[in-house]
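Colleague: With the sequence up front, the predicted model follows.
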Amino acid sequence: MTPKIEKKVTVGVVGATGYAGAELVRILSGHPGVALTVLTSRRYANVRFDHVYPALRGHVDLTCEELNLDHLQSACQIVFMALPHKIPMTTVPALMAANKQVIDLSADFRFQDVQVYEQAYQPHEAPELLTRAVYGLSEVFYKEIQTANLIGNPGCYPTSALLALVPLIQAELIDPSSVIIDSKSGVSGAGRSLSLGTHYCQVNDSFKAYKVASHRHNPEINAIASQIAGIPVKVTFVPHLVPMGRGMLTTQYAHLQEHVSADDIRACLNDFYVPRPFVRLCPPGRLPETMHVRGTNYCDIGFELDEAQGRVVLISAIDNLVKGAAGQAVQNMNIMCGFNETDGLTQAPYPV
């Protein structure tokens, strides 16, 4: 039964004009339980949001403002942090002290082990909050998210990989030490800031691997896979940049445990995700494609067995800005607030 929303929660988005922030604003503007009250942007302070993103004219009439913690605390019950890593750790402690609920889209609160974070990023300025934060992989840590006040929203690559991987690791159907992950992302995954590597002439008609075996999402995947497996897990992870605006396709290879069949894999995935509305298991003979999840919070998962090699090939597709960032953040808010998990996220996929 859908919970009845008696009163809207007041919500602020910090970093509202980046790609993930703008996607948050788009989704939240149509959420039945949300009143958007604050949008911050350093670059576009004092500019109406719909002047920055004209597509939202008639949907969002707020003016962007500089980040002011006092105003944020007085005007918002829930705060989404859509800023690069390092910045949220300097502002989240004050919000937590003011009893706000915070969903951080950066990496600052994704790790419980401060050493793992600092090896991948930089010294952490609020390590005392790491054990209070919940990793916001919605379908896997649903119960923990229900009572959380601080969410470390997962990265896009880990979301696409772990949703396919976690059930099979948990059921001990694969050897977690054998996992190889090959992911392809659209250019929006690099964010809205200008850089040579994302210029049109650099990415159009090109396809490249980058940060091979050194991407910061690798230790994030390792940490969660190890937590689920109960043993240290280190996967091989190779990301690629493809010439499209948005979307992510992840292909994973893993050795099967002895006597595991395709039926076992399908039953495991189906049983794990049957109560979860945003993971769709492809029928036999069909595999995920990015166009089928574009603009949605869905993760489509398919697989094939390479029986000659004793491997499973797992394929998952997400929209990197929605299920890989803003959509999952809103899904986490829904779970935290006791809303219907699908509130604000029921847009049908584009057929073409």
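Modeller: Nice, I can see it.

Colleague: now for the helix ranked longest in the chain, which elements pack on it?
Modeller: Using DSSP state H, we find that the single longest helix of the chain is helix 156-170. Packing partners of helix 156-170 (3 or more CB pairs under 8 Å, 6 or more residues apart in numbering; DSSP states H and E): strand 180-185, helix 217-229, strand 236-241, strand 248-255, helix 262-273, strand 299-306, strand 311-318. Where C-beta positions appear, they are placed from N, C-alpha and C, glycine not excepted.

Colleague: For the chain, which residues score under the pLDDT cut-off?
Modeller: For the chain, applying pLDDT under 70 flags the ranges 1-6, 190-194, 196-197.

Colleague: Now do the domain split for it, please.
Modeller: 9-132, 157-320 (automatic domain parsing).

Colleague: In JSON lines: those, plus distance to residue 350 and mean neighbour count.
Modeller: Output for those, formatted as JSON lines (distance: least, CB to CB, whole Å; neighbours: other CB atoms under 10 Å):
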{"stretch": "domain 9-132", "distance to residue 350": "15", "mean neighbour count": "19"}
{"stretch": "domain 157-320", "distance to residue 350": "6", "mean neighbour count": "18"}
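
Colleague: what would those look like in JSON lines with distance to residue 150?
Modeller: JSON lines is the format used below for the domains of the chain (distance: least, CB to CB, whole Å):
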{"stretch": "domain 9-132", "distance to residue 150": "5"}
{"stretch": "domain 157-320", "distance to residue 150": "17"}
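
Colleague: of all those domains, which lies closest to residue 327?
Modeller: domain 157-320 (3.6 Å; CB to CB).

Colleague: closest one to residue 210 among the helices and strands packed on helix 156-170?
Modeller: strand 236-241 (6.0 Å).

Colleague: hmm, who's touching the closest one?
Modeller: 157, 161, 179-185, 187, 189-190, 197, 203, 207-213, 215, 217-218, 221 (CB atoms under 8 Å, 6 or more residues apart in numbering).

Colleague: and with 6 Å instead?
Modeller: 180-184, 208-209, 212, 215, 218 (CB atoms under 6 Å, 6 or more residues apart in numbering).

Colleague: ok, now stretch 143-163?
Modeller: Contacts of stretch 143-163 (CB under 6 Å, 6+ apart): 101-105, 109-110, 132-137, 181, 183, 189, 217, 220-221, 224, 248, 250, 299, 316, 318, 320, 324-325, 329, 332, 335.

Colleague: Could you list the alpha-carbon positions for that stretch in PDB?
Modeller: Only the C-alpha atoms of stretch 143-163 are listed here, as PDB (Å, rounded to 0.1, in the frame of the first residue of the first chain):
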ATOM      1  CA  LYS A 143      17.200  -1.900   5.900                       C
ATOM      2  CA  GLU A 144      20.200   0.200   6.900                       C
ATOM      3  CA  ILE A 145      19.100   3.100   4.800                       C
ATOM      4  CA  GLN A 146      15.600   3.100   6.500                       C
ATOM      5  CA  THR A 147      17.200   4.400   9.700                       C
ATOM      6  CA  ALA A 148      20.100   6.400   8.300                       C
ATOM      7  CA  ASN A 149      20.700  10.100   8.600                       C
ATOM      8  CA  LEU A 150      23.700  10.200   6.400                       C
ATOM      9  CA  ILE A 151      24.000   8.400   3.100                       C
ATOM     10  CA  GLY A 152      27.100   8.000   1.000                       C
ATOM     11  CA  ASN A 153      25.500   7.700  -2.400                       C
ATOM     12  CA  PRO A 154      27.400   5.100  -4.500                       C
ATOM     13  CA  GLY A 155      29.500   5.900  -7.600                       C
ATOM     14  CA  CYS A 156      28.000   5.200 -11.000                       C
ATOM     15  CA  TYR A 157      30.500   2.400 -11.900                       C
ATOM     16  CA  PRO A 158      30.100   0.600  -8.600                       C
ATOM     17  CA  THR A 159      26.300   0.800  -8.900                       C
ATOM     18  CA  SER A 160      26.300  -0.800 -12.300                       C
ATOM     19  CA  ALA A 161      28.800  -3.500 -11.200                       C
ATOM     20  CA  LEU A 162      27.600  -4.300  -7.700                       C
ATOM     21  CA  LEU A 163      23.900  -4.700  -8.500                       C
END
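
Colleague: How about the contacts made by residue 318?
Modeller: Taking CB under 6 Å, 6+ apart, one finds 160, 248, 293, 299, 324 in contact with residue 318.

Colleague: State the distance from it to residue 59.
Modeller: Applying CB to CB, to the nearest Å, the value for residue 318 to residue 59 is 24 Å.

Colleague: Residue 340 - that's part of a strand, no?
Modeller: No - Residue 340: not assigned to a strand; according to DSSP: H, G, I helix; E, B strand; the rest coil it is coil.
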